[in-house]
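*Asks:* what shape does this take:
(chains A, B and C)
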Amino acid sequence: MSSRCYDLIVIGAGIIGTSCADAAAAEGLRVAIVEPGPIGGGSTAAAMGHLVAMDDDPAELALTRYSLHEWELFASLPEAEFSRCGTLWVARNEAEARVIPARIARLGAAKVEAHAIDTQNLYELEPALAPGLYGGLLVPREAVVYPPRMALYLAQRAQSNGATLYAGRSASKLGHAAGTDQVLLDDGTQLSGPTLVATGCALPTLLPQLPMRARKGHLLITERYPGVLHHQLLELGYADSAHGDADSSVAFNVQPRPTGQILIGSSREFSATDSAVSPAMVRRMLERAFDFMPSLRQLQALRTWTGFRPTTPDGRPYLGAVPGQNKLWVAAGHEGLGVTTALGSARLMLDLLLGRTPAIDPAPYAPSRVIA
Amino acid sequence: MSVLYVNGQRVEVPAGASVAAAIAQVTADFRRSVSGESRAPLCGMGICFECRVSIDGVAHRRSCMTPAEDGMQVQTDSGRLDRHAP
Amino acid sequence: MTLRFDVLIVGAGPAGLAAAQAAASHGARVGLLDAQARLGGQVWRHDVRHPAPGAARDAINALKQVTFLGQHQVIAAEPQRLLVETPQGAEHLSYATLILATGARELLLPFPGWTLPGVTGAGGLQALVKQAWPIAGKRVVVAGTGPLLLAAAATLRKHGAHLLGIVEQAPQSAVHAFARQLLHWPARAVQAVGLRARLAGVPYRFGSIVRHAYGEQQLGAIEIEDAHGKQRLDCDHLALGYGLLPNTELAQLLGCALDYGTPEQASAHPHVIVDRLLRTSVADVYAAGEACGIGGLAAARIEGAIAGHAAAGAEAAASALLPRRAKERRFASLLAKHFALDPRLHQLATPQTIICRCEDVTLSALDGFTDARAAKLATRCGMGACQGRICGSALAELGRFPRSGSRPPLFPARLSSLVQATPSLSDEISRSST
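*Replies:* As a prediction, the model looks like this:
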């Protein structure tokens, strides 16, 4: 059976895969996209869609900043549902607030505008916050988007630039380890060409040599309550929860959707492998949220759901060539920052694929770092 | 008999009546949809959520499932819009 | 606070009432909960102006040693207990056995104008009117299919509605064939004759469908189509009933196996699979009445009693009722056969017709999607407060795609309800470990 030839076969149509496919198709490459489920139906669908700069890892901050610049191109795209609500990091006390000047300095060095917020200003910005909080850190230019719709837009734009979508099918075998460039789909279709694996948490199915863990999260969304919440709010201790190694943790993390709905997070669990909503975890997450915003108690919850963050051992994504393989590439493992860094990751991947010098240093993301 | 207020207007209903029945004496416009259409009860049994109104300041309550009580303050979307109109 | 019951019954309609009475007769501690404030469910819903039918009074008066929990909405399920919301707060109800008597809702089919105030379900308007919705003197058309239209029309007329007509989609030949079959069910024949007498003078049209509802801010007129053409009729209310579909969301959340029909004869609306003693696929969970497939009032009462006896451990008492169950289920299949929906009803919605009323998603926006989740992610269809109960069931009926699964909260619930309830032992362990 003859195989169909492409310049790039993208496996996985989450926000990472669709960003890469879109960027490649825009460069004139002949692109195939392989996706067994809905476009953006995995971690992308479960994500909050908060475009946020985390400053505790310089490499991550560089990728974020690069990506946020690309996101600005979609600020008026209806499908993105881009809403520049800004991020307000909340400090409960003076001790928590001590990190603020250093964070402003790090963000500022990356050209991300940020300001310290005093107590009075905190309540002017968010009157519904619990009394007794100390202050915060405002990052005014940050925004929220709607990830699955954006992924669908990028996939459709790639298709309009000539990409072929192999929907409802998955890649069952890669020939790249054996020196070919063949991709066998589960319906028997043969594709050939340089291949990019962007399957997130499912990465071990095709690339077991790259360690990946799924870190479960819960989210909840309310009915529409316009005017209750204005900024994406996070507790300043969020990074401890996000980047700590505790088996399970929760943090105050709430987001105003453009609809007026409020999206409430967040939780992190390593050991939970089933996708069921855990009432106990929802309870812990909500109790944390009520500590910061007691008036949330009276609002109506519409839905809860779970998702899994693709997590590498060092928390950085794999972006680059898979060592020891022929024309096989990987873009996966963005944990909680996949939406934020998708567009920058795609630019970086295209530069590497086409042998150009990337705008940011790709070394911190090289998959070779985990393969001895 | 219960006496309650719908968009500020006094309404009397028999004992056991629903809030929806009280609202229907005042307006057919219970709720504005996300695109701005007028909506009113469809299923009558708590399934469709088209009868949602604000009762005693709590938004999104199903009026067809809520027994009318003396002194209740009921606000429809249209009532709120009218009040804030210039 | 956690209340404990030997037998906990969800739904206080005919099936739930019969289950409660049967279980309590064996000395079981029985809890009977319902989202409504009063006993009776939909078909026996309390009427503020008129006395309840004798059978409903008898069933309610027969309850002894049963704890009724009105205005209790189930929002989540954990092993051997339910999380319920009440106007006052939330609580856990734990059980040894659970009976799902969750009943049915009306199938509501989208068509141009169906979002206008004044367009309701037929049983829906009946329920509203029983709780004092002002209907006296209003011009009402009752349309759809099946004998439930007559029951709804009779209630509306009793409350003073000006009935302009009953518009039955089934052809006259089918309705007459059904009527002849009623001779085998004499009690039902008597009921039917009584209903017709109470509806004397109301035009009863066959083979007719409502194609369109018109109005600016509310319903003003409808368009009816029959073999002779289209006709416009001014009215204040249109009460539509295209049949019932089982409420299976709680069963699904509990993990009970559902029946979606066979590949040859797929069913758009699943029902709960039960064995002869009405046990579901989940241990200690029973189901009775419409949740097990639309069977009507008499079947619901028998099944409620069977499940109540069985859940209380009285298998012999349950088994004794099985022949009666079989007979009543035969009647239900007769109804389904004679009142099958005209395929034209599936073609009424235009590309601009809103399908998802919570998020205002039109039919054309859903073109090209083959599963509910993909459609939801891209269009918001089914993301609203009804959680797809209206649009999801309609899309399944139209043959677009089946509804997606249940997740907590089963109904929208206050955030405080999701934390208020007493933490369980396992929660305490997980908490102390962090």
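*Asks:* so, low pLDDT: which residues of chain C?
*Replies:* C:1, C:421-434 (pLDDT under 70).
*Asks:* domain ranges for it, per the record?
*Replies:* Chain C breaks down into these domains under automatic domain parsing: C:2-105+C:245-337, C:110-241, C:342-422.
*Asks:* quick one: distance of stretch C:142-155 to the chain centre.
*Replies:* Put simply, stretch C:142-155 sits 15 Å off its chain's centre (CA atoms, centre = their mean, to the nearest Å).
*Asks:* can you tell me the SS state at A:Leu154?
*Replies:* Taking DSSP: H, G, I helix; E, B strand; the rest coil as the rule, one finds A:Leu154 in the helix state.
*Asks:* what do you get for the one 5 residues further on?
*Replies:* Of the three states, A:Gln159 takes helix under three-state DSSP.
*Asks:* one more: A:Ile262?
*Replies:* strand.
*Asks:* for it, name its beta-bridge partners.
*Replies:* A:Pro256 (DSSP bridges).
*Asks:* output the lowest mean pLDDT helix or strand found in the chain.
*Replies:* Looking at chain A here, since you left the chain open. helix A:238-243 (a mean of 70; mean pLDDT, DSSP states H and E).
*Asks:* quick one: closest of the domains of chain C to A:Ser170.
*Replies:* domain C:342-422 (15.9 Å; CB to CB). From N, CA and C alone the C-beta is placed, and that goes for glycine too.
*Asks:* what about C:Gln265, how many neighbours?
*Replies:* 6 (other CB atoms under 10 Å in any protein chain shown).
*Asks:* swap that for C:His176, please
*Replies:* Count around C:His176 with other CB under 10 Å applied: 13.
*Asks:* now the one 10 residues further on
*Replies:* The local packing of C:Pro186 (other CB under 10 Å) involves 9 other residues.
*Asks:* who's in contact with whichever residue of chain B sits closest to chain A?
*Replies:* As assessed by CB to the nearest CB, chain A sits closest to B:His60 within chain B, at 4.8 Å. Counting by CB atoms under 8 Å, 6 or more residues apart in numbering or on different chains, B:His60 makes contact with A:223, A:300, B:52, B:54, C:385, C:412.
*Asks:* distance of the closest residue to the last one other than its chain neighbours relative to A:Ala280?
*Replies:* Read that as C:Pro412. Among residues not flanking C:Pro412 along the chain, A:Gln300 sits closest, at 4.5 Å (CB to CB, 6 or more residues apart in numbering or on different chains). Distance, A:Gln300 to A:Ala280, by CB to CB, to the nearest Å: 21 Å.
*Asks:* just to revisit the earlier point, so what's the residue count around the residue nearest to C:Pro412?
*Replies:* Number of residues near A:Gln300 (other CB under 10 Å) recorded here: 21.
*Asks:* get me the contact residues on the stretch 101-250 of chain A for chain C.
*Replies:* Taking CB under 8 Å from any CB of the partner chain as the contact definition, the stretch 101-250 of chain A meets chain C at A:148-149, A:152, A:220, A:222-223, A:246-249.
*Asks:* for the nearest residue to A:His334 once chain neighbours are set aside, what are phi and psi?
*Replies:* Nearest non-adjacent residue to A:His334, counting by CB to CB, 6+ apart: A:Pro317, 4.5 Å away. With angles defined as degrees, to the nearest 10, A:Pro317 sits at phi -70, psi 160.
*Asks:* A:Pro317 touches A:Thr340, doesn't it?
*Replies:* No - with contact defined as CB atoms under 8 Å, A:Pro317 and A:Thr340 do not form a contacting pair (11.2 Å).
*Asks:* got a PyMOL select line for the buried ones in the contacts of B:His60?
*Replies:* Remark: buried members of the contacts of B:His60, expressed as a PyMOL selection using 16 or more other CB atoms under 10 Å in any protein chain shown:
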select buried, (chain A and resi 223+300) or (chain B and resi 52+54) or (chain C and resi 385+412)
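*Asks:* in a markdown table, list the contacts of B:His60 along with secondary structure and distance to A:Ala53.
*Replies:* A markdown table is the format used below for these (DSSP: H, G, I helix; E, B strand; the rest coil; distance: CB to CB, whole Å):
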| residue | secondary structure | distance to A:Ala53 |
| --- | --- | --- |
| A:Glu223 | strand | 30 |
| A:Gln300 | strand | 32 |
| B:Arg52 | strand | 38 |
| B:Ser54 | strand | 39 |
| C:Ala385 | coil | 35 |
| C:Pro412 | coil | 34 |
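*Asks:* would you map the strands across chain B?
*Replies:* Applying DSSP state E to chain B gives strands spanning B:2-6, B:9-13, B:31-32, B:38-39, B:52-55, B:58-62, B:73-75.
*Asks:* among those, which comes closest to A:Asp22?
*Replies:* Nearest to A:Asp22, of the strands of chain B and by CB to CB, is strand B:31-32 at 37.1 Å.
*Asks:* and the closest one, how far out from the chain's middle?
*Replies:* With CA atoms, centre = their mean, you get 10 Å for strand B:31-32.
*Asks:* that strand - contacts with which helices or strands?
*Replies:* When contacts are defined as 3 or more CB pairs under 8 Å, 6 or more residues apart in numbering or on different chains; DSSP states H and E, strand B:31-32 sits against strand B:38-39, helix B:77-84.
*Asks:* among these, which gets the worst mean confidence?
*Replies:* Mean pLDDT per stretch puts helix B:77-84 lowest among the helices and strands packed on strand B:31-32, at a mean of 69.
*Asks:* buried residues, stretch C:253-264. List them.
*Replies:* C:253-254, C:256, C:258.
*Asks:* list the ones among those residues that fall in helices.
*Replies:* Members of those lying in helices (criterion: DSSP state H): C:253-254.
*Asks:* wait, which of the buried residues of stretch C:253-264 is closest to chain A?
*Replies:* Among the buried residues of stretch C:253-264, and counting by CB to the nearest CB, the member closest to chain A is C:Leu253, at 9.9 Å.
*Asks:* which residues in the stretch 101-250 of chain A form helices?
*Replies:* For the stretch 101-250 of chain A, the helices defined by DSSP state H, counting those that start in this stretch cover A:119-125, A:147-160, A:203-206, A:238-243.
*Asks:* and the contacts of the third one?
*Replies:* Residues outside helix A:203-206 that contact it (CB under 8 Å, 6+ apart) are A:11, A:171, A:174, A:197, A:199, A:210, A:212, A:310, A:318, A:330, A:332-333.
*Asks:* can you list the residues of the stretch 151-300 of chain C near chain B?
*Replies:* C:217-218.
*Asks:* residues near the residue of the stretch 151-300 of chain C found nearest chain B, how many?
*Replies:* Across the stretch 151-300 of chain C, no residue is closer to chain B than C:Gln218, which sits at 4.4 Å (CB to the nearest CB). Look at C:Gln218: counted by other CB under 10 Å, it has 17 neighbours.
*Asks:* mind checking which helix or strand it is in?
*Replies:* Secondary structure assigned from DSSP states H and E places C:Gln218 in neither a helix nor a strand.
*Asks:* cool, and the one 4 residues further on?
*Replies:* Take DSSP H and E as the rule and C:Ile222 turns out to sit in strand C:221-226.
*Asks:* in that strand, which residues are buried?
*Replies:* In strand C:221-226, residues buried by neighbour count (16+ other CB under 10 Å) are C:221-225.
*Asks:* which residues sit against that strand?
*Replies:* Contacts of strand C:221-226 (CB under 8 Å, 6+ apart): C:113, C:141, C:143, C:167, C:205, C:207-215, C:230-235, C:238.
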